[in-house]
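Peer 1: Predicted structure and sequence below. I'll ask about it afterward.
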Amino acid sequence: MIPIKTLRIDIADWTSTVVPLARRHGWRYGHLTVRRDADQYRLLELLLLHPPTGAAEIVTAQIARADREFPSVTAGLPAAHWAERAIGDYWGLTAAGHPRWKSLAIHQELEALAPPFANSEEGRADPGESAFMTVAGEGVHVIPVGPIHAGIIEPGHFRFSCLGEVIANLEIRLGYQHRGIEASLAATPFRHARHVVESSSSDSTVASAIAHATAVENLLEVAPPARAGAIRTLALEIERVANHLGDLGALASDVGFSIGAALFGRHRGAALGLGQTLAGTRFQKGFVSPGGLAWAPQESSITDLTNQLPELEVRVEEACNLLFGNPGFEERLEGVGVLSPSLASEFGLIGPAARASGSSYDARRHYPHALYPGLDVDISGQAEGDALARATVRRQELCASWAVIHAVLASLPDGGVSVGIPDTLPGKRVAIGVVEAWRGELIHWITTDERGNIARYSIRDPSFQNWTGVSIAVRNNLVADFPVINKSFNLSYSGNDL
């Protein structure tokens with residue numbers, strides 16, 4: 001269980017109160033959003049996390065019915081700037097004093113879709129300056145890329161302002177993948193919500209399912225069986241391994257190291273095969289459910305998984321030695337796309353991207369999900385903040401994941417994999433699930449109304465927090481470096497757009 005303290009303040013004191021609270025020693029920014037209370041007032045809510053104790057705090061302020069704005073905290077808490085812009089699109093409220101106020105998800109290409117985004121009763125907030133930032137000067141030119149790309153990837157638009165071949169500024173325009181996930185989760189019976197959750201970002205199926213299940217279990221004050229927690233851990237680490245292998249292969253491809261790309265692509269497929277061995281499907285969909293697991297893997301599946309691991313582990317280590325031992329690969333990534341520790345911290349970056357820039361935060365050490373934080377995890381870390389550091393962190397995390405998987409398999413508990421859960425959720429309750437997904441900290445935040453219905457379901461995907469890091473990291477780099485820098489983050493478009 002994650003203990004949550006709530007604090008109600010006046011909206012006039014919002015900025016002066018929450019910025020110092022967020023900057024207390026040991027505290028972290030979690031998320032910022034809006035919900036409605038029983039009287040249909042809009043409530044501005046900030047989630048703060050305290051990793052040393054595994055606790056959380058929610059600060060709430062009521063917004064007057066006639067008000068169309070709220071005080072911005074971005075100047076003192078830059079990590080909130082993306083969330084404040086999202087509130088403008090989805091709740092029709094303007095963040096007064098935001099230093100770069102503009103629409104996050106609704107723009108020229110999506111103007112026809114504006115009404116479903118914002119609350120229909122209030123309409124849409126002032127989108128601010130919808131045009132891209134203009135960089136002027138002799139020799140400055142603009143390169144638009146996307147939203148449709150050459151590869152089979154999600155849509156997103158990148159607008160580069162360049163001086164010659166050097167990138168002076170990058171603006172990222174997303175929103176093309178908005179599907180109304182959060183609204184759907186509030187309207188879906190909670191017993192079926194896990195299927196919607198898994199589609200929020202499909203390469204993080206297990207992490208999303210565990211975050212959802214953990215939040216629901218915290219609401220209900222139930223604990224899954226020990227065997228279910230152990231198998232959830234296996235599923236989560238297999239997902240992490242598969243995606244890190246995919247990223248290393250993509251980086252090899254971007255620098256023209258075709259052998260590395262082929263090897264890591266093959267190994268990623270084998271890692272997905274581990275997921276199929278354990279859960280029956282390569283992306284392990286439908287496997288994790290509130291109360292434990294939707295079904296119990298056969299003992300033969302556990303045996304097969306145990307037998308398949310050593311060979312893949314050896315082959316992955318050989319491929320990593322080949323990739324990182326290649327001078328061309330290391331030279332191509334070293335010093336490219338540097339994100340300083342100070343900026344990574346100020347903008348609240350998380351996951352491998354943050355740990356490559358000096359952060360030591362990993363939710364597996366602090367917040368209960370699967371068998372964590374009871375397992376000892378070797379936390380990866382680099383300080384250089386460049387593309388090579390982000391690749392190195394992935395390699396380190398592969399080694400840590402192998403160790404976790406072996407440890408869990410060596411002491412897999414006996415017993416069932418699920419417990420019964422009530423048909424309804426308790427009323428007027430709030431709970432969160434915090435999971436270290438393969439991209440970083442993933443938060444699912446559920447609030448129920450008086451009748452036990454979900455009044456607000458908010459998701460903070462790690463990509464939502466990390467896209468700013470891409471735009472910072474590419475500055476003063478060559479245009480030709482962008483594919484490498486972008487892939488070294490490899491963020492989710494759909495996880496951001498929801």
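Peer 2: On my side now, so go ahead.
Peer 1: Where is the longest helix in the chain?
Peer 2: helix 226-254 (DSSP state H).
Peer 1: from the middle of its chain, how far away would it be?
Peer 2: Relative to its parent chain, helix 226-254 has a centroid offset of 15 Å by C-alpha atoms, centre = their mean, to the nearest Å.
Peer 1: now do stretch 385-398
Peer 2: 17 Å.
Peer 1: distance from the centroid: which residue in the chain tops it?
Peer 2: Most distant residue from the mean C-alpha position of the chain: Glu138, 39.2 Å away (C-alpha atoms, centre = their mean).
Peer 1: And the pLDDT at it?
Peer 2: If you check Glu138, the pLDDT there is 81.
Peer 1: Assign it to helix, strand or coil.
Peer 2: The three-state assignment at Glu138 reads coil, by DSSP: H, G, I helix; E, B strand; the rest coil.
Peer 1: Just read off the phi/psi values of it.
Peer 2: For Glu138, the backbone dihedrals (degrees, to the nearest 10) come out as phi -60, psi 130.
Peer 1: Thr60 too?
Peer 2: Phi and psi for Thr60, reported as degrees, to the nearest 10, are phi -130, psi 140.
Peer 1: Count the residues that sit near Glu313.
Peer 2: Neighbourhood size, Glu313 [other C-beta atoms under 10 Å]: 18. The way it works is simple: take the backbone N, C-alpha and C, and place the C-beta from them, glycine included.
Peer 1: what are the ranges of the strands in the stretch 1-150 of the chain?
Peer 2: Applying DSSP state E, counting those that start in this stretch to the stretch 1-150 of the chain gives strands spanning 4-9, 28-36, 42-50, 55-63, 69-71, 94-96, 140-145.
Peer 1: which one of those strands lies closest to Gln177?
Peer 2: Counting by C-beta to C-beta, Gln177 lies closest to strand 140-145 out of the strands of the stretch 1-150 of the chain; the figure is 16.8 Å.
Peer 1: which of the residues in the helix or strand following the closest one are buried?
Peer 2: Using DSSP states H and E, the helix or strand that follows strand 140-145 towards the C-terminus is strand 157-163. Within strand 157-163, the residues scored as buried using 16 or more other C-beta atoms under 10 Å are 157-162.
Peer 1: Reformat the residues you listed as TSV; add pLDDT and distance to Leu478.
Peer 2: Output for the buried residues of strand 157-163, formatted as TSV (pLDDT from 0 to 100; distance: C-beta to C-beta, whole Å):
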residue	pLDDT	distance to Leu478
His157	91	20
Phe158	92	15
Arg159	92	17
Phe160	94	11
Ser161	93	14
Cys162	94	9
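Peer 1: Can you name the secondary structure element that comes next after the longest helix of the chain?
Peer 2: As assigned by DSSP H and E, the chain's next helix or strand after helix 226-254 is helix 258-279.
Peer 1: Buried residues of that following helix, list them for me.
Peer 2: 260-261, 263-265, 267-268, 270-275, 277-279.
Peer 1: Helices of the stretch 301-450 of the chain, start to end?
Peer 2: 327-333, 341-346, 351-355, 387-410 (DSSP state H, counting those that start in this stretch).
Peer 1: Compute the number of surrounding residues for Gly54.
Peer 2: Residues lying near Gly54 (other C-beta under 10 Å) number 17.
Peer 1: Look up how far Gly26 lies from it.
Peer 2: Distance, Gly54 to Gly26, by C-beta to C-beta, to the nearest Å: 11 Å.
Peer 1: what do you get for Asp247?
Peer 2: 31 Å.
Peer 1: Between the two, point out the one with more neighbours.
Peer 2: Asp247 (22 against 9).
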